[in-house]
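Asks: sequence unknown, structure follows:
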């Protein structure tokens, strides 16, 4: 009996572990992501680490489709807003979970000048170009290769595409670690000088996608300053403004909903939080940028980056018109973004960190999303 008892315990533990992993049932299959767009096949890629964390990706826009992580009771949920088929991604907002480029965020007057040559881009946000226009890299089918828990996406973008100069070669590598980290490495080269700003535009809800708003989430941002905006077009003034003691202060943890509707001019311009924070770090240093915590589930997400800024966006313009993977509409403030980046409109602001990349140079950037519970 003494020999049998340890064996029974091992069987019980193995049974529980197996059962826990079986609880992750994605509401889509790989077949839902198999299509052909512009003559190129689309696919779904799933990575899983030794803890049971799973990440689903598609080469349509190099998008994060789902991230399954446990709560404080060990129950897994998908914490990324998104859709359950390629058809839905084509139908709804293309930026969900996507790699955004050549230039994320806003370019004022949809133009910039390099060496006395003016370049013009699609206007899709007031007078500005937002996220490189309505049909940028997030609507492209990328070449893809998966090797274990590393998935590499590659894309070529021709000279003049969306108005951006240079033949561009971009590589984005997603790596899932056993420390429950999703690491994103960006690399880019060009044969003509051009401004670049790459990010991932995932919306998160640590309660689980579709499970209500994110107003109870606690946000901490390692930033003493923001780049304030001039008006509701959300173009930075060019100033660097301290946030201490203001409604934009997340130097200590604050609940998103506590001040989001205060009569603060900046918050009124953005209809909530939609601001670039200047991270307290050295240039190109991989450092802590921000964290989000959901007290209900106990899930904690930490963000590390080599980028100088991070944009906190609280889903202020989600309108309930998109039906997510769980079958629920994404209403206003049902997700938040922490977009690591260079500053908005950097090409037109000489005092912001430069986004100019020249031939022979290589853009390299890293962002890590780390998940845990507390």
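Replies: Now that the structure is in, tell me what you want to look at. Keep in mind that what you see is a predicted model, and the values were worked out from it rather than measured. Numbering: from 1, shown residues only.

Asks: Tell me the helix or strand right after the worst-scoring helix or strand of the chain on mean pLDDT.
Replies: Least confident element among the helices and strands of the chain, by mean pLDDT, DSSP states H and E: helix 4-22 (a mean of 44). With elements assigned by DSSP states H and E, the helix or strand that comes after helix 4-22 is strand 35-37.

Asks: What is the following helix or strand past that following strand packed up against?
Replies: Downstream of strand 35-37, the first helix or strand assigned by DSSP H and E is strand 40-42. Counting contacts by 3 or more Cβ pairs under 8 Å, 6 or more residues apart in numbering; DSSP states H and E, strand 40-42 packs against strand 35-37. C-beta here means a position set from N, CA and C on the backbone, and glycine is covered the same way.

Asks: Show me what the strand it packs on is packed against.
Replies: Strand 35-37 sits against strand 40-42, helix 86-91, with contacts defined as 3+ Cβ pairs under 8 Å, 6+ apart.

Asks: Just put those in JSON lines and tack on mean pLDDT, mean neighbour count and distance to residue 48.
Replies: As requested, the helices and strands packed on strand 35-37 are exported to JSON lines (pLDDT from 0 to 100; neighbours: other Cβ atoms under 10 Å; distance: least, Cβ to Cβ, whole Å):
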{"stretch": "strand 40-42", "mean pLDDT": "98", "mean neighbour count": "15", "distance to residue 48": "21"}
{"stretch": "helix 86-91", "mean pLDDT": "96", "mean neighbour count": "17", "distance to residue 48": "22"}
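
Asks: Including distance to residue 288, could these go into TSV?
Replies: Shown next, in TSV, are the helices and strands packed on strand 35-37 (distance: least, Cβ to Cβ, whole Å):
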stretch	distance to residue 288
strand 40-42	35
helix 86-91	31
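
Asks: right, so of those, which gets closest to residue 100?
Replies: Closest approach to residue 100 among the helices and strands packed on strand 35-37 (Cβ to Cβ): helix 86-91, 14.4 Å.

Asks: If you count contacts, what does that closest one end up packed against?
Replies: strand 35-37.

Asks: Now do the buried residues in the strand it packs on.
Replies: In terms of neighbour count (16 or more other Cβ atoms under 10 Å), strand 35-37 has its buried residues at residue 35.

Asks: what do you get for stretch 65-78?
Replies: 65, 66, 67, 68, 69, 70, 71, 76, 77, 78.

Asks: Got the phi and psi for the residue nearest to residue 228 when sequence neighbours are not counted?
Replies: Nearest non-adjacent residue to residue 228, counting by Cβ to Cβ, 6 or more residues apart in numbering: residue 241, 4.7 Å away. Note on residue 241: its backbone torsions stand at phi -110, psi 130 [degrees, to the nearest 10].

Asks: gap between residue 241 and residue 263?
Replies: Noted for residue 241: a distance of 18 Å to residue 263, by Cβ to Cβ, to the nearest Å.

Asks: what about stretch 164-173, how long is it end to end?
Replies: Start-to-end span of stretch 164-173 (Cα to Cα, to the nearest Å) is 23 Å.

Asks: Over to stretch 215-227?
Replies: Stretch 215-227 end-to-end distance (Cα to Cα) = 23 Å.

Asks: In strands only, show me the buried residues of stretch 65-78.
Replies: Of those, the ones assigned to strands by DSSP state E are 65, 66, 67, 68, 69, 70, 76, 77, 78.
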